[in-house]
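J.: coordinates only, no sequence provided:
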């Protein structure tokens, strides 16, 4: 079996990983990804349902693929497919709807793949690769639909993850991003009924990946505050040469009253204590977060409490999302839904504060050594390159091959390499730096 293939991914890092898994599996039996202008025989669409807009974008993408590839069979997977399979099946050219991501190996089998892969080996033309370590979420935050479409907690075997990491390192990926629906619950499904000394957790997995040989670094994606444990922080400290000093700790609201309505599991005091513990242990770490603004019933006082918490946490970057009522969640039926204009106004205030905190954090990095994953040439400055630092700050620097190390001189440019630089200044939304030559 072989043919021309197109894949399309909407949504999160996890979806991007799962699309890559399917793509690599189909390539084993002769399918080849073709450019947009060339018609395909098979299209794979990985959908998102985190918001109503995600559903709409997924439907639009499927219809467009059907128009552009009228003879193609379209297979749809992802969270929207799980939530509304009949709705998806009614869309043009859809021949199969995958409602459970645990079925992906079976899907590959039906397309003729005999040796079902246990992971991926590549991640396209990117220089960082995502590694899926688990699936499913046990929480029931009142605004979130994802636990309803990915409810089964499933951790990947450590040996599969380590084998995958080795392949990605060997194929030149400089950064491995550990991702999942709820990565702080890695191993929880294995630990039920076992004595605590036999538990496997995220800290154990991260330590084992960090001990692999090679020139690479590890980044932990979104994690809940209660799962930023002393054990995990100790692993980041012990393996600072391999694990970046950056954690994305999800806050969602800085008001205790709003957190209770959100059915979150901690207070703002607990959240700030975890942030302080990270800062007390690691060297000037980056702490980033997500904030939902305009949650139902959010008063002016609660909003101002949130601003105070954000300032106290001193985040280096904030992703701000206006509350979107997701049908099927308790928050969608709550009283006192706020007007869109107020949500936008509050979002702008949080974004402004986030920019202030980001500038302060970037300024604190001036004079420090940073490890940068080089990703592209700067379009506006000849012989300058840009990349992402270990502390998740964008960095630009001039490339002078004659001053670089012998290993770096073997390449025409530094793209894809991990380069050590010294931060010299801040400019707009990035850090300016120079290469460390010795």
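T.: Perfect, thanks for sending it. Since the model is a prediction, treat every value here as computed from it, not as a measurement.
J.: chain center to the strand or helix carrying residue 344, what's the gap?
T.: Under the criterion of DSSP states H and E, residue 344 resides in helix 340-364. Helix 340-364 has its C-alpha centroid displaced from the chain centroid by 21 Å (Cα atoms, centre = their mean, to the nearest Å).
J.: do the same with stretch 213-223
T.: Between the centre of stretch 213-223 and the centre of its chain there are 12 Å (Cα atoms, centre = their mean).
J.: ok, the following helix or strand past the helix holding residue 344: who's next to it in the sheet?
T.: Next along the chain after helix 340-364, taking DSSP H and E as the criterion, comes strand 369-377. Counting by DSSP bridges, the strands paired with strand 369-377 are strand 384-389 (antiparallel), strand 418-427 (antiparallel).
J.: now what about stretch 97-114, what contacts it?
T.: Contacts with stretch 97-114, where a contact means Cβ atoms under 8 Å, 6 or more residues apart in numbering, come from 1, 18, 21-22, 25-26, 28-29, 31, 75-78, 81-82, 85, 88-89, 96, 116-117, 135, 150, 152, 154. Where C-beta positions appear, they are placed from N, C-alpha and C, glycine not excepted.
J.: which of those residues fall in strands?
T.: Taking DSSP state E as the definition of strands, the contacts of stretch 97-114 contribute 31, 75, 76, 77, 78, 96, 135, 154.
J.: skipping adjacent residues, who's closest to the second one in space?
T.: It refers to residue 75. Nearest residue to residue 75, sequence neighbours excluded (Cβ to Cβ, 6 or more residues apart in numbering): residue 96, at 4.7 Å.
J.: show me where the stretch 51-200 of the chain has its strands.
T.: Secondary structure of the stretch 51-200 of the chain by DSSP state E, counting those that start in this stretch: the strands cover 73-78, 94-97, 128-132, 134-135, 154-155, 175-179.
J.: now those strands in CSV, with mean neighbour count?
T.: Shown next, in CSV, are the strands of the stretch 51-200 of the chain (neighbours: other Cβ atoms under 10 Å):
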stretch, mean neighbour count
strand 73-78, 24
strand 94-97, 17
strand 128-132, 24
strand 134-135, 23
strand 154-155, 18
strand 175-179, 22
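J.: and this structure, what are its domains?
T.: Split into domains by automatic domain parsing, the chain comes to 3-110, 128-364, 369-435.
J.: between the two ends of the shortest one, how far is it?
T.: With Cα to Cα, to the nearest Å as the measure, the first residue of domain 369-435 is 9 Å from its last.
J.: got it, and the first one?
T.: The first and last residues of domain 3-110 sit 15 Å apart, counting by Cα to Cα.
J.: quick check: mean pLDDT of that domain?
T.: Over the span of domain 3-110, the pLDDT mean works out to 93.
J.: okay, and the helix or strand of the chain with the least pLDDT?
T.: Within the chain, no helix or strand scores below helix 406-409, which has a mean of 51 by mean pLDDT, DSSP states H and E.
J.: in the helix holding residue 344, which residues are buried?
T.: 343, 346, 347, 349, 350, 353, 354, 357, 358, 361, 362 (16 or more other Cβ atoms under 10 Å).
J.: could you dump these to CSV with distance to residue 316?
T.: Shown next, in CSV, are the buried residues of helix 340-364 (distance: Cβ to Cβ, whole Å):
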residue, distance to residue 316
343, 24
346, 21
347, 19
349, 18
350, 14
353, 13
354, 9
357, 7
358, 6
361, 4
362, 8
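J.: no further questions, thank you.
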